[in-house]
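S.K.: generate a structure from the sequence data that follows.
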Amino acid sequence: MTPKNMARMVFLLVLVGLSAAFLMQVSSNSLPRFQHLDKVVHFGAFFILALTFHRAFPLPFWLALMILIGYGLAIEYIQGLLPYRSSSWGDLLADAAGAASYYGLIWWRYRRAARRCNSN
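M.R.: Residues are numbered from 1 along each chain as shown. Okay, here's the model as predicted:
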């Protein structure tokens, strides 16, 4: 299996796992809670999703962000249709921030490496 195919398989597993987690019914009494924990979870999940997506499909940053934000929008829409879940603009914002943070970090590392090459 090529590294690209392995990256795509990892992305698919992360995507399926996150989709199931975002859509399943969760008992709020069984989880340790602090205020806005769900936003932290959304941010982290989309940071990891962006990482695996970038490794699997090296698209331009803007296109990858649009795809990932579209996925977040779809998840929030579907959650709004489920009787045991609710959708939230804050969750979508946390999703977008997680994905944008990953791509921002990658862009910063690329620029830093380019400056080092140009200064040598």
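S.K.: so which residue is dead centre in the chain?
M.R.: Centroid-nearest residue in the chain, with CA atoms, centre = their mean: residue 46, separated by 1.6 Å.
S.K.: now name the helix or strand holding that residue.
M.R.: helix 37-56 (DSSP states H and E).
S.K.: give me the neighbour count for residue 15.
M.R.: Counted with other CB atoms under 10 Å, residues neighbouring residue 15 total 15. C-beta: built from backbone N, CA, C; applies to glycine.
S.K.: and the residue lying closest to it once chain neighbours are set aside, what does it touch?
M.R.: Of all residues not flanking residue 15 in the chain, residue 49 sits nearest, at 6.8 Å (CB to CB, 6 or more residues apart in numbering). With contact set as CB atoms under 8 Å, 6 or more residues apart in numbering, residue 49 has these partners: 11, 14-15, 18, 68, 71, 98-99.
S.K.: please check these and keep the buried ones.
M.R.: Neighbour counting over those (16 or more other CB atoms under 10 Å) leaves 11, 14, 18, 68, 71, 98-99 as the buried ones.
S.K.: least confident of these?
M.R.: The lowest pLDDT within those belongs to residue 18, with 90.
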